[in-house]
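Visitor: just need the structure, nothing else, for what follows:
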Amino acid sequence: MNTAPRIPDPDGFYAALLAAHEGLSEAQSADLNARLVLLLANQCADQAVLLACIDAAAEDNPTTTPTP
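Guide: Predicted coordinates for the structure are as follows:
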């Protein structure tokens, strides 16, 4: 699994993602994220990579309290 940024403008992508969420409720935002993940997963089409990505994303859970 490649975790290094590979898109030409990651900051532009992030800005577009934030803009897509602007004005949405929490539920609408979660729905947008779910649809986006499914579309991107379909583009990847590699079950092993997708499962590895789920594991990697779960390890970097921003709700986890950092330890000093």
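Visitor: in this protein, where's the longest helix?
Guide: Ordering each helix of the chain by length in residues (DSSP state H) puts helix 26-44 first.
Visitor: now do that helix: distance to the chain's middle.
Guide: Distance, stretch centre to chain centre, for helix 26-44: 8 Å (CA atoms, centre = their mean, to the nearest Å).
Visitor: buried residues in the helix or strand following that helix?
Guide: Using DSSP states H and E, the helix or strand that follows helix 26-44 towards the C-terminus is helix 47-59. Using 16 or more other CB atoms under 10 Å as the test for burial, helix 47-59 gives Leu50, Cys53. Any C-beta I mention is one placed from the backbone N, CA and C, and that applies to glycine too.
Visitor: what's helix 47-59 in contact with?
Guide: Applying CB atoms under 8 Å, 6 or more residues apart in numbering, the external contacts of helix 47-59 come out as Met1, Thr3, Ala41, Cys44.
Visitor: how about the secondary structure of Leu24?
Guide: Using DSSP: H, G, I helix; E, B strand; the rest coil, the structure places Leu24 in coil.
Visitor: in contact with the closest residue to it other than its chain neighbours, which residues?
Guide: Among residues not flanking Leu24 along the chain, Leu32 sits closest, at 6.5 Å (CB to CB, 6 or more residues apart in numbering). Residues in contact with Leu32, defined by CB under 8 Å, 6+ apart, are Ala20, His21, Leu24.
Visitor: report the buried members of those.
Guide: Counted by 16+ other CB under 10 Å, the contacts of Leu32 give no buried residue.
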